[in-house]
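Novice: A predicted structure for the sequence below; I have some questions about it.
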Amino acid sequence: MSRVVSAARLHVLQRNNIVTQVPLIFGIAYTISVLIVLLIHVQGASVLVGPGTSGATGAVHGAVIGAAAVSSMMLAAYSLPHALSLSYSRRTFLLGTYVVFFITAALIGVLFGIAAALEEAFDGYGIGHYSVAVPYLTGTAGAFEVAAFSTALALCAMASAFLIPMLYRRVGLMRLWAITGAVLVVLLLLVAWATITDGWAAVGQWLLDQNGFTWAGWLVAATGVATVANWLTIRRIPAE
Amino acid sequence: MADPGQTPAVSVRGLSRRYSTTTALDDVDLDLTSGTIHGLLGRNGAGKSTLMSIITGQEFPSSGEVSIFGQTPHENEEVLPRMCFIRESQKYQDDIRAIHAFRAAADAFPNWDWDVAHRLIEEFSVPEKTKIKKMSHGQCSAVGVITGIASRADLTLFDEPYVGLDPVARSQFYRALLEDYAEHPRTIVISSHLIDEIAQLIENVVLIDQGRVLLHEPADDLRDRAVTLVGRVDAVDQITAERQVLTREEMGRTVRLTAEGALTEAERQRAAQLEVDVLPVGLQDLVVHLTTREQRTAREESQS
């Protein structure tokens, strides 16, 4: 068996692992979302009139991506010492981890794609429930676009979250806070720059011009950056 | 399997590891021959764990070179699967059970032997389906030693593997290791504080103190490294006048003295005439004598 596949299997030794947990969270979050909209519908509210108006947009994505990110952080924190004790190189460990990330992200993409297809096919289940098949993400290719976006978003979330415990192990708590502070300062400077140059209208327009596929492209690019950062961080991390 | 040739399994040159205010390893040169059980001995903080971590590519040196079976271990997938390093308090993934840890090890080590693993699981009474974090210290150690033995890695390193194991389990570990080693010779490095317990196990002794190799000799040769004499003060002093004294305890007119080197036949006869008892020095006593002498020397140097 390839060492990379063996390293990947390390993450799925137990029944409860990132690949099984995240779809479970999807099921719970989506069910709650449907039940909330159903409750509103049963009460006779008239605000639910069509796609993109259910009010639950983003909630399922938020729950699932949050779960993926937290699972990724836990995986990073606990797996590396065990993997190094099994004599995997850091490179093999990272590749194996990414195999698991890809599988998880693909599964998330498929689930969101199916949910979007069902929402579109059954008119929001007859109650106007459109928490996944929102027009912003379905305008180009429907459920496929939602699947592509969700896959890339999950991948980016896992790759980015993985970096945090790795940085903690590599540089310690104080430097991690310093790095976090520096990132926040850069973001604040960007916000300030947009405000000073009256750029918010352009930012808003740019956001409106995006679709599920272009977002997927940006998120894959961000995943690439996170992956390089992960490798640069992990390559000299000690086991203890 | 193991390289029975003359190429050292481990070769270390000028190896140093410095932390911000501490030097864990200080310019260490060391060759560990293949197909041998090496005992890595020394006090807490001597640098044993750091040395093993660097050898297995889990830690990085500040300077110097490490070669395992002729190759650099760090990030080297050709040599890493040939090594297994069992730490004193091995960390596992959260929530995994012993059986998961063994399955992971079976995936990772190409020579893994499930027959040996199952036999040892039974011998050590390891509850396979219990989460490792819920196990006693001894059961966790058992998971580690089983992994180390069943891995059949060409280079297997145990860092204080017995912590929490009761005397019966420790004895089972030593026996299982020796039996498996006899059938499948390989290079084994054991770091331990229970020196007299592993004295019968190890073929080669490496003593580390304050990050430096103090002694590196075949275990058999160590028997002649020192001798303990018990008798009248004047008689013992007469025999050991020219020798380096390691320890000296006087009780009235009697003295118990440990000195470096073996006695010649003439000295033995003289000791018998003077009614001085000549006792062999155990490995543990020798290690204690050598390390405390180094400390004394260092203290005297710093005071002068």
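Specialist: On my side now, so go ahead. Numbering: from 1, shown residues only, chains lettered A, B, ... in the order given.

Novice: so where's the chain shaky on pLDDT?
Specialist: Chain wasn't specified; assuming chain A. The model of chain A has pLDDT under 70 over residues A:1, A:45-57.

Novice: right idea, wrong chain: chain B
Specialist: B:1-6, B:294-296, B:298, B:304.

Novice: report the separation between the residue lying closest to B:G57 once chain neighbours are set aside and B:T36.
Specialist: Sequence neighbours aside, B:P73 is the residue nearest to B:G57 in space, at 3.9 Å (criterion: Cβ to Cβ, 6 or more residues apart in numbering or on different chains). Quick note: C-beta positions are derived from backbone N, CA and C, even for glycine. Per Cβ to Cβ, to the nearest Å, B:P73 is found 19 Å from B:T36.

Novice: which of the two has more neighbours?
Specialist: Neighbours around B:P73 and B:T36, counted as other Cβ atoms under 10 Å in any protein chain shown, are more numerous at B:P73. The numbers are 23 against 19.

Novice: wait, a strand at that one?
Specialist: No. Under DSSP: H, G, I helix; E, B strand; the rest coil, B:P73 falls outside any strand and is assigned coil.

Novice: chain B contacts on chain A?
Specialist: Contact residues (Cβ under 8 Å from any Cβ of the partner chain) of chain A with chain B: A:1, A:3, A:6, A:9-10, A:13-14, A:16, A:74, A:78-79, A:81-82, A:84-92, A:235-236, A:238-240.

Novice: try it again with 10 Å
Specialist: When proximity is defined by Cβ under 10 Å from any Cβ of the partner chain, chain A lies next to chain B at A:1, A:3-11, A:13-14, A:16-17, A:74-75, A:77-92, A:235-240.

Novice: who touches B:I202 in this structure?
Specialist: Residues counted as contacts of B:I202 (Cβ atoms under 10 Å, 6 or more residues apart in numbering or on different chains) are B:36-41, B:188-190, B:192, B:195, B:218-219, B:222, B:283.

Novice: how about the helices of chain B, start to end?
Specialist: B:48-55, B:98-108, B:114-123, B:137-150, B:167-183, B:195-198, B:219-222, B:233-239, B:265-273, B:283-303 (DSSP state H).

Novice: without its sequence neighbours, what residue ends up closest to B:I132?
Specialist: Closest residue in space to B:I132, ignoring its immediate chain neighbours: B:Y92 at 4.9 Å, by Cβ to Cβ, 6+ apart.

Novice: got phi/psi on that neighbour?
Specialist: phi -120, psi 170 (degrees, to the nearest 10).

Novice: number of nearby residues for it?
Specialist: B:Y92 has 23 neighbours, counted by other Cβ under 10 Å.

Novice: count the residues that sit near residue 11.
Specialist: By default, I'm working from chain A. 25.

Novice: hm, I was asking about chain B
Specialist: Neighbours of B:S11 (other Cβ under 10 Å): 17.

Novice: spatially nearest residue to it (excluding sequence neighbours)?
Specialist: Nearest to B:S11 is B:S67, by Cβ to Cβ, 6+ apart, at 4.3 Å.

Novice: and if you look at B:I37?
Specialist: B:I188 (4.6 Å).

Novice: related to what we said a few turns ago, contacts only, for the residue nearest to B:G57.
Specialist: Counted by Cβ under 10 Å, 6+ apart, B:P73 has contacts A:87, A:89, B:10, B:54-58, B:66-67, B:79-80, B:82-83, B:155.

Novice: now, the most widely separated pair of those residues?
Specialist: A:S89 and B:V10 (18.2 Å; Cβ to Cβ).

Novice: quick one on the thing from earlier: dump the residue contacts of the residue nearest to B:I132.
Specialist: Contact analysis of B:Y92 by Cβ under 10 Å, 6+ apart lists A:13, A:78-79, A:81-82, A:85, B:98, B:100-101, B:104, B:131-133, B:140, B:143-144.

Novice: so B:H193 is in contact with B:Y162, correct?
Specialist: Yes. Between B:H193 and B:Y162 there is a contact under Cβ atoms under 10 Å: 9.1 Å.

Novice: more neighbours, the two?
Specialist: Between B:H193 and B:Y162, B:Y162 has the larger neighbour count (other Cβ under 10 Å), namely 24 against 16.

Novice: my guess is that one meets B:I190, correct?
Specialist: Yes. Assessed by Cβ under 10 Å, B:Y162 is found in contact with B:I190 at 9.4 Å.

Novice: the residue nearest to B:S49 when sequence neighbours are not counted: how many residues sit nearby?
Specialist: Nearest residue to B:S49, sequence neighbours excluded (Cβ to Cβ, 6+ apart): B:D159, at 5.4 Å. Residues lying near B:D159 (other Cβ under 10 Å) number 23.

Novice: cool, and the one 4 residues further on?
Specialist: Applying other Cβ under 10 Å, we find 15 other residues in the vicinity of B:V163.

Novice: now A:I32
Specialist: 15.

Novice: also the one 4 residues further on?
Specialist: Summarising burial for A:I36: neighbours were counted as other Cβ under 10 Å, giving 16.

Novice: which strands or helices does the helix or strand containing it pack on?
Specialist: Following DSSP states H and E, one finds A:I36 within helix A:18-42. Helix A:18-42 is packed against helix A:59-85, helix A:90-121, helix A:143-171, with contacts defined by 3 or more Cβ pairs under 10 Å, 6 or more residues apart in numbering or on different chains; DSSP states H and E.

Novice: just those helices: most buried one?
Specialist: Comparing the helices and strands packed on helix A:18-42 by mean neighbour count (mean count of other Cβ atoms under 10 Å in any protein chain shown), helix A:143-171 ranks first with a mean of 23.

Novice: for that one, packing partners?
Specialist: The contact analysis (3+ Cβ pairs under 10 Å, 6+ apart) places helix A:143-171 against helix A:18-42, helix A:59-85, helix A:90-121, helix A:135-138, helix A:173-196, helix A:212-234.

Novice: most remote residue from chain A's center?
Specialist: A:G44 (34.4 Å; Cα atoms, centre = their mean).

Novice: A strand includes that one, no?
Specialist: No. Read with three-state DSSP, A:G44 is coil and lies in no strand.

Novice: quick one: it and A:I127, what's the gap?
Specialist: 12 Å.

Novice: and if you look at A:H82?
Specialist: 47 Å.

Novice: same check on A:L86?
Specialist: From A:L86 across to A:I127, the span is 50 Å (Cβ to Cβ).

Novice: which one of the two is surrounded by more residues?
Specialist: Between A:L86 and A:I127, counted using other Cβ under 10 Å, A:L86 has the larger neighbour count: 25 against 17.

Novice: excluding chain neighbours, what is closest to the more buried one?
Specialist: B:A108 (3.8 Å).

Novice: how many neighbouring residues does the one you found have?
Specialist: Using other Cβ under 10 Å, B:A108 has 27 other residues around it.
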